[in-house]
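# Sequence and predicted model, in that order:
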Amino acid sequence: MSVFSALLRIALLALLVTFIAAPQVFAPVFEPLTSHGAPAIYNQGSLVALTLSHLWTVFVATLGSIVVAVSLGIFVTRPSGLEFLPLSRTIVNVGQTFPPVAVLAIAVPLVGFGEAPTLIALFLYGLLPIFENTLTGLTQVSPLTLDAARGMGMNARRRLVEIELPLALPVILAGIRLSLVINLSTATIGSTVAAKGLGEVIIAGLQSNNTAFVVQGGLVVAMLAFFIHDAFRLIERRAGRYQSAQASA
Amino acid sequence: MIAIEHLTKRYGADIVVDDVSLDVESGTIAVVVGTSGAGKSTLLRMVNRLIEPTAGRVLIDGQDTVTIPEDELRHRIGYVIQGNGLFPHRTVAENIATVPRLLGWEKKRIASRVDDLLNLFQLDPATFASKYPHQLSGGEQQRVGVARALAAEPKLLLMDEPFGALDPLIRTKAQADLLAIQRRFKTTILLVTHDMEEAFHLGDRIAVMDQARLLQYAAPTEILMRPAHEFVERLVGTAERPFRLLSLTSVSRALEPGNASGPPIDISANLRDALSELVWSGREALPVSDISGATIGKVSVAGILALRREQP
C-alpha cells in the first residue's frame, strides 16, 4: 500500500468517526439539502448507538452464515456428504433469490418485530456467497497435494485442518467479505420492522421528506462497507501470502 | 524385504492389477516399467494402502501390511509422486518436517534433520529453508519432494514417476543423486516409470508390466538377454539392446593388459561410455586408469566385441 493511499484511508476513517460522534459539525454541509427550516442533521437518536447496533446485527447474522455455510461446505466435499451437494446448493441458492423484504414480511408474524426478523433475513442472504466460495476453495486444492498428504500418513482431519482449509482460506474470506458488504446495506431495511440500525436515519428522512437524513444514512453505511471491504482485502492477502511471496536469491 | 504376494485389484469387471507377485530385497532398487495404464501406479499404491487390494497381500520384513494401521504404515514408508505434491502454503523446511511432525519428534530434532537433508540435497538451508515451493525451480522442488519423503528415515521409499516432470539434463542429475543417496542409506526403493532408459539406469531388478499383468521380473541383463515375452523384447528395443547391455557392464570386465595413447577412461565407467569414446576419438583402444589416475591397462573395440561373444 502506498503512502498516499494509506493517508487517504486514515483521512476518510477520521472523517467517518468524526461524523458519527459529532454530526453537528457537518450541519453546514447538509443545509442545502433541507427545505422549510428542517433540521440538517439527524436528531432523533444517537448516530453512535445506531451505527453500533447496525454493525452488531450484521456481525451476528454473518457469523451465523459463516458457521452454517462453511460447515455445510466442508460436509458436502467429504466423501460421506458428497451426495448432498446438489441439494445443499439448491437450498442455499433459494436463500439468496428470496428477497430480504419478503423474508421480513414472512418472519414478522412468526417472530415479531425487532432484531429477530432482520437477523433471519441477513443470515439467509449471507449464506450463498460464503457457501459457494467454500466449495470453490476446497475443490480447487490440487488432488496431487492431497494425495501426497494422504501418502505421508495425514488422516482426514489433519488433511482438512492443515492442508485444505489453509489453501481454501483466501477464497472463503472473499466470500465472507462479499456477504458482509451486502448485508451491511441490506440491514438498513431492517429498520422497517423496528430493528435498531442506520436504516432508521434513511427512513426518518423518507417520512419527513428530508433528503439530508437519507444522504447521511446512506453515506455512513457506504463508508462502513468500504472500510470493511478494505480490511478484508488485507486479511485475504495475508492468508494467501505464500502465493505472492517474491523469489529472493 | 518387501514381498508382494498375488496382489490383485479389480474395479467392477475391470482388472487393473492381475495376480502380481514380486520380492524386493532390502537395500535394492526395483523399477516397475510399462506403458501407461499397465497398472504400475496401482501396484505401487497398494503397497502403502492408498488403494486397498482386492486380493493378495504385501509383507514388509515379514509383517503383513494390513495388520499395521494405515497412517502408521505410511509414516514408515517414504512416498514421492510426479510433480512432487509439495504443500504450496508451507515453506521448504515445513514441507520436509511433515512426517517427523506427525510422529511428534522434538522441535530441535526436526530442525537438525531438516538442515541435514537440505545439505544432503545441495540446498543451502539459509537460502532455501524459508522459501515457498513456487519460488523453487522444477529440479529444486523435486529434491525437496525426495527430502520430505526421506525425513523420518524410512526403510522403504515408493516413487511414482518421480522424475517425469523434469527436463532431460536435470533428470540425469536427479537420478545420479538418488543412486548416491540410496547407496548411502541403503534404502529399499520401489520406483514406477514408463522410461526404459531410467529403468535400466536405476534398477537392480526390473519388473515389466503390461495390461495389469507382470510379464517379467529380473535383473536388467536378464531382461535384455532373455526377454520372457514378446512385449518385453519390444519394450527394450532391439536396436538399443546392445548399448543398454554395454551400459550395464563395467569397463573392468573388458580390461586388457597393455597401454594405449590418448586420454584415459576411469575404471568405474561403463562399456557404453568406453565404446562411445572409442568411436568419437577414432581410436582402437583407450588407456584405463584407476581412482589414483594411474594407468592399469587398456580397453579396446576388439575386446568389447570379444566380451559379447563370451556371453550366452
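Great, that's in hand.
# I'd guess B:Leu286 is in a strand, am I close?
Yes: according to DSSP: H, G, I helix; E, B strand; the rest coil, B:Leu286 belongs to a strand.
# Can you report how many residues neighbour the residue of chain A found nearest chain B?
Closest residue of chain A to chain B, C-beta to the nearest C-beta: A:Ala148 (2.9 Å). To be clear about C-beta, it is placed using only N, CA and C from the backbone, and glycine gets the same treatment. Counted with other C-beta atoms under 10 Å in any protein chain shown, the neighbours of A:Ala148 add up to 25.
# my guess is it contacts B:Gln82, does it?
No: the criterion here is C-beta atoms under 8 Å, and A:Ala148 misses it with B:Gln82 at 10.5 Å.
# Next, show the common contact partners of those two.
Among the neighbours of A:Ala148, none is also in contact with B:Gln82 (C-beta atoms under 8 Å, 6 or more residues apart in numbering or on different chains).
# Near chain A, which residues of the stretch 51-200 of chain B are found?
Within the stretch 51-200 of chain B, the positions near chain A by C-beta under 8 Å from any C-beta of the partner chain are B:70-75, B:79, B:81, B:83-90, B:98-99, B:102, B:127, B:131-132, B:134-135, B:148-149, B:158.
# What about those, which are in strands?
B:79, B:81, B:158 (DSSP state E).
# Tell me the pLDDT of the first one.
When you say that, I think you mean B:Tyr79. B:Tyr79 is assigned 95 on the pLDDT scale.
# Quick check: the gap between it and A:Arg158.
15 Å (C-beta to C-beta, to the nearest Å).
# Between the two, which is the more surrounded one?
Neighbours were counted for B:Tyr79 and for A:Arg158 using other C-beta under 10 Å; B:Tyr79 has more, 28 against 16.
# Pull the contacting residues for that one.
B:Tyr79 touches A:148, A:151-152, B:48, B:149, B:157-158, B:160, counting by C-beta under 8 Å, 6+ apart.
# Looking at these, which is nearest A:Ser142?
A:Ser142 lies nearest to A:Ala148 out of the contacts of B:Tyr79, by C-beta to C-beta, at 9.1 Å.
# residues contacting the closest one?
B:79, B:81, B:84-87.
# Which parts of the stretch 1-150 of chain B are helices?
Assigned by DSSP state H, counting those that start in this stretch, the helices in the stretch 1-150 of chain B fall at B:40-47, B:70-76, B:92-96, B:98-102, B:107-120, B:125-128, B:138-150.
# possible to save those helices as TSV with mean neighbour count and mean pLDDT?
Output for the helices of the stretch 1-150 of chain B, formatted as TSV (neighbours: other C-beta atoms under 10 Å in any protein chain shown; pLDDT from 0 to 100):
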stretch	mean neighbour count	mean pLDDT
helix B:40-47	23	94
helix B:70-76	18	93
helix B:92-96	24	96
helix B:98-102	21	95
helix B:107-120	16	95
helix B:125-128	14	93
helix B:138-150	23	93
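# between these, which gets nearest to A:Pro117?
Nearest to A:Pro117 among the helices of the stretch 1-150 of chain B is helix B:92-96; the distance by C-beta to C-beta comes to 47.6 Å.
# could you say what helices and strands that closest one packs with?
Helices and strands touching helix B:92-96, by 3 or more C-beta pairs under 8 Å, 6 or more residues apart in numbering or on different chains; DSSP states H and E, are helix B:107-120, helix B:138-150.
# contact partners of that helix?
B:86-87, B:111, B:113-114, B:117-118, B:123, B:125, B:128-133, B:136, B:144, B:147-148, B:151.
# would you put the C-alpha positions of that helix in PDB?
Extracted C-alpha coordinates of helix B:92-96, given in PDB (Å, rounded to 0.1, in the frame of the first residue of the first chain):
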ATOM      1  CA  VAL B  92      10.500 -25.900   2.300                       C
ATOM      2  CA  ALA B  93      11.500 -26.600   5.900                       C
ATOM      3  CA  GLU B  94       7.900 -27.100   6.900                       C
ATOM      4  CA  ASN B  95       7.300 -29.400   4.000                       C
ATOM      5  CA  ILE B  96      10.300 -31.600   4.800                       C
END
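# Tell me where chain B is predicted with low confidence.
B:309-312 (pLDDT under 70).
# Scan it for its longest helix.
Using DSSP state H, we find that the single longest helix of chain B is helix B:168-185.
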